[in-house]
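Asks: using only what follows, build the 3D model:
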Amino acid sequence: MLVYVLRRIVYVIPIVVSVALVCFLLVHITPGDPLVAVLPPDASAELAAQMRAAYGFDQPLPVQFGIWIWKALHGNLGTSIATGRPVLSEVTAAVGNTFILAVTAAFIGFVMGAFFGLIAGYFRNTWVDKLATSIAVAGVSVPHYWLGMVLVIIFSVWLNWLPAVGMGPGGWAWNWEHLRFLILPAVTMSVIPMGIVTRTVRALTGDILSQDFVEALRSKGLRETQVFRHVVKNALPTAIAVMGLQLGYLLGGSILIETVFSWPGTGFLLNSAIFQRDLPLLQGTILVLALFFVFLNLVVDIAQAAIDPRIKRA
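Replies: Numbering: from 1, shown residues only. Next comes the predicted model:
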């Protein structure tokens, strides 16, 4: 197992370097001058040159990339052009807020998806299967930003039960005063992973139930609950892989959902950085999210190998 883990870590290194290079180049090939956000309209050429030198934009791209990587390895992602604050502190605060939203949405989506997928797989081609499949298809098909606006209209405007925007007064706390702000964005964000997990678990459950070893277990007189545990154990590795990917997408933040609900997470931060042409903030946010996604995939791979030894041997 240790050799497998070390091999996976070695495989991650070139991916991390490639991700950093892509993040750097994608931001630099976009049109426009990032210093427009801080320079006054009547700024002189000398002042513009000084600002470019201060942010390192006067250097060739390879030199900029090397300096950026070196500073990033030491925890320095630069300074935001728009706010003047360190990028790392901006990203850290946004990641924490997105983590709260993503984990809550993942819990709702994964639990509901696993439940609908299991009952649909056990009762295939019945009305239960059709109902669960319809819910899954609707979850994947409905635009989540549209669903978010509909939920705001119903529960915030018409019924006045839940707040429409923000994440509550002051810092986050796990109390009802703050949880009220979390319900609508979390439910909205959980719809797509719920649909994907439902369809995946349904297909896995139906395939496993049709295999010979299940019939052998039943012929030996095992109770259905014991058979169910074997079905879950065999479906778990693939289901974990799908859930891990979905969790990565959720932790990456959703620009549309966080913008609709004004949730101050990474998606909202990216949206602001894009419109303000805040190059250091945009680079730092994309890099942190991409590295987190790579790390999460590594954890999922190791978890799969620990659950199913066949993956490790392969």
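Asks: what count of nearby residues applies to Ile135?
Replies: When counting by other C-beta atoms under 10 Å, one arrives at 18 neighbours for Ile135. (Each C-beta comes from the backbone N, C-alpha and C, glycine too.)
Asks: now swap in Leu296 and tell me
Replies: The burial count for Leu296: 17, using other C-beta under 10 Å.
Asks: then stretch 99-116 to CSV, C-alphas only?
Replies: Output of stretch 99-116 as CSV, limited to C-alpha atoms (Å, rounded to 0.1, in the frame of the first residue of the first chain):
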residue,chain,number,x,y,z
PHE,A,99,-16.0,24.9,2.2
ILE,A,100,-18.9,25.5,4.5
LEU,A,101,-21.3,25.7,1.5
ALA,A,102,-19.8,22.8,-0.5
VAL,A,103,-19.6,20.3,2.4
THR,A,104,-23.2,21.1,3.3
ALA,A,105,-24.4,20.7,-0.3
ALA,A,106,-22.3,17.6,-0.7
PHE,A,107,-23.9,16.0,2.4
ILE,A,108,-27.4,16.7,1.1
GLY,A,109,-26.6,15.7,-2.5
PHE,A,110,-24.7,12.5,-1.6
VAL,A,111,-27.2,11.2,1.0
MET,A,112,-30.2,11.9,-1.2
GLY,A,113,-28.4,10.6,-4.3
ALA,A,114,-27.3,7.4,-2.6
PHE,A,115,-30.8,6.8,-1.2
PHE,A,116,-32.6,7.4,-4.5
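Asks: what mean pLDDT does that stretch have?
Replies: Taken as a whole, stretch 99-116 has a mean pLDDT of 92.
Asks: same deal with stretch 155-167?
Replies: Average pLDDT, stretch 155-167: 90.
Asks: same check on stretch 205-213?
Replies: Rounded mean pLDDT across stretch 205-213 is 85.
Asks: buried sites along it?
Replies: For stretch 205-213, burial by neighbour count (16 or more other C-beta atoms under 10 Å) applies to Thr205, Gly206, Ile208.
Asks: which one of the residues you listed is nearest Phe275?
Replies: The closest of these to Phe275 turns out to be Thr205 (C-beta to C-beta; 45.0 Å).
Asks: list the buried ones in stretch 265-284?
Replies: Neighbour counts using 16+ other C-beta under 10 Å place 265-270, 272-273, 276-284 of stretch 265-284 among the buried residues.
Asks: now Gly113. Nearest residue, chain neighbours left out?
Replies: Val197 (2.8 Å; C-beta to C-beta, 6 or more residues apart in numbering).
Asks: swap in Leu251?
Replies: Ala102 (4.6 Å).
Asks: assign that neighbour to helix, strand or coil.
Replies: State at Ala102, reduced to three classes by DSSP: H, G, I helix; E, B strand; the rest coil: helix.
Asks: name the next helix or strand downstream of the helix or strand that contains Ile119, please.
Replies: Using DSSP states H and E, the element containing Ile119 is helix 87-122. Sequence order places helix 127-141 as the next helix or strand after helix 87-122, per DSSP H and E.
Asks: in contact with Arg180: list those residues for me.
Replies: Shown in contact with Arg180 (C-beta atoms under 8 Å, 6 or more residues apart in numbering): Leu162, Pro163, Gly168.
Asks: distance of the first one from Ile255?
Replies: Taken as C-beta to C-beta, to the nearest Å, the spacing of Leu162 relative to Ile255 amounts to 22 Å.
Asks: next one: the second one
Replies: Using C-beta to C-beta, one obtains 21 Å as the distance from Pro163 to Ile255.
Asks: same question, Ser141
Replies: According to C-beta to C-beta, Ser141 stands 20 Å off from Ile255.
Asks: those two: who's more crowded?
Replies: A count of neighbours by other C-beta under 10 Å puts Ile255 above the other of Ser141 and Ile255, at 18 against 10.
Asks: now that one: how far from Val165?
Replies: Using C-beta to C-beta, one obtains 15 Å as the distance from Ile255 to Val165.
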